[in-house]
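Asks: Give me the fold of what follows.
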Amino acid sequence: MDQETIDLVAFDERHLDGAVLLSREAGWPHRREDWAMLLALSHGFVALQGDAVVGTAMLTPFGDDCATVNTVIVAANMRGRGLGRKLMGAVLHACGQRECRLTATADGLPLYEKLGFTATHEIRQHQGIPTTRPADAANDAMELEWVGPENFAAVTALDLEAQGTDRRPLLRLLAEAGRMVLLREAGRIVGYAALRPFGRGEVIGPVVAHTLEQAQSLLSFLIASRPGAFLRVDTAEWPELSPWLSARGLVGVGGGIVMDRSATGRQPPGPAKPFALASQALG
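Replies: Prediction:
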């Protein structure tokens, strides 16, 4: 059919089942629940051919100055017709003047470059069922505890310190969908991590801490809490973390390229930094 037969409409709950079918065709692990969580945070668009979903794209805003573009998929039989560019035009219009970020596949890279995105760094994806191994050496100065309502504000403060953007809506959904753990060192809160269902198992992320050792302590705690579970971690700190994760049975299976558009050059205040992502879609 001609391109004119394709309608671009706002993504709502009626399109979730079609989006799941589209992501399965693309080889993505997303469940209906994963799509629904993204939709709750995002401005979404779908391309419809009749009642069939043949394309998707979402923009997830974080405050008034930053957003991520994600779930850009075009059905295999509809590629090469400019539909991906049309979907990207819709999300970039919704983005407005915000700085816009995305994680690109090699196939999507040329289009995003034409739209003004610049590659910044690489993400590595690790996944698997953790292997049985001796417990990691404990640092007596570190204490870990599950996050409750009374210390959720500490999580949001750490995340803002590491990301430089207000992600409270995302953090609330992560806490509702799974669990979060808080790390104290010498009595001071220095890190947090989240664990939630995703795809064929569970994802650990975000992981935010001041140091690599603190991040490994958070990861070790959550890995140990889920023996026999299929786990996933996406990290930009792969030179240090990839060998450590692989040694625990979470092998590298690819990744993506982070790109930025309308970057402001500002830096998160720190010293906390992200060691693992909530997801490649959300950062």
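
Asks: And stretch 94-108, end to end?
Replies: The first and last residues of stretch 94-108 sit 20 Å apart, counting by Cα to Cα, to the nearest Å.

Asks: Residues in contact with that stretch: which ones?
Replies: Residues outside stretch 94-108 that contact it (Cβ atoms under 8 Å, 6 or more residues apart in numbering) are 43, 59, 61, 64-70, 72, 84, 92, 112, 117, 119, 123, 256-264, 280-281, 283. C-beta here means a position set from N, CA and C on the backbone, and glycine is covered the same way.

Asks: residue ranges with poor pLDDT in the stretch 101-250 of the chain?
Replies: Low-confidence regions of the stretch 101-250 of the chain, defined here as pLDDT under 70, cover residues 133-138, 140.

Asks: mind listing the strands in it by residue range?
Replies: Remark: strands of the stretch 101-250 of the chain, listed N- to C-terminal, are 118-128, 142-146, 179-185, 188-198, 201-209, 231-235; assignment by DSSP state E, counting those that start in this stretch.

Asks: Next step: the contacts of stretch 94-108 restricted to strands.
Replies: Among the contacts of stretch 94-108, the members falling in strands (DSSP state E) are 43, 59, 61, 66-70, 72, 119, 123, 256-261.

Asks: Buried members of those into PyMOL, please.
Replies: Applying 16 or more other Cβ atoms under 10 Å to those, the buried members can be selected in PyMOL as follows:
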select buried, resi 43+59+61+66+67+68+69+70+72+123+256+257+258+259+260+261
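
Asks: sorry, back to before: kindly reformat the strands of the stretch 101-250 of the chain as TSV containing distance to residue 273.
Replies: Listed next are the strands of the stretch 101-250 of the chain as TSV, based on distance: least, Cβ to Cβ, whole Å:
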stretch	distance to residue 273
strand 118-128	13
strand 142-146	17
strand 179-185	14
strand 188-198	10
strand 201-209	7
strand 231-235	11
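
Asks: for those, which one sits closest to residue 162?
Replies: Residue 162 lies closest, by Cβ to Cβ, to one member of these: strand 201-209, at 4.5 Å.

Asks: could you check the angle strand 118-128 makes with that closest one?
Replies: 120 degrees (axes from the mean of the first three to the mean of the last three Cα atoms, to 10 degrees).

Asks: could I get strand 201-209 in PDB with only the CA atoms?
Replies: What follows is strand 201-209 as a C-alpha-only set of coordinates in PDB (Å, rounded to 0.1, in the frame of the first residue of the first chain):
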ATOM      1  CA  GLY A 201      13.400 -11.900  33.600                       C
ATOM      2  CA  GLU A 202      14.400  -8.900  35.700                       C
ATOM      3  CA  VAL A 203      16.600  -5.900  35.100                       C
ATOM      4  CA  ILE A 204      18.900  -4.300  37.700                       C
ATOM      5  CA  GLY A 205      19.000  -0.600  37.200                       C
ATOM      6  CA  PRO A 206      19.400   2.300  37.700                       C
ATOM      7  CA  VAL A 207      22.500   1.700  39.800                       C
ATOM      8  CA  VAL A 208      23.800   5.000  41.200                       C
ATOM      9  CA  ALA A 209      26.900   5.400  43.500                       C
END
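
Asks: tell me which residues of that strand are tucked away?
Replies: Result for strand 201-209 [16+ other Cβ under 10 Å]: buried residues 202-209.

Asks: tell me which of the residues you listed is nearest to residue 6?
Replies: Among those, residue 203 lies closest to residue 6 (Cβ to Cβ), at 32.6 Å.
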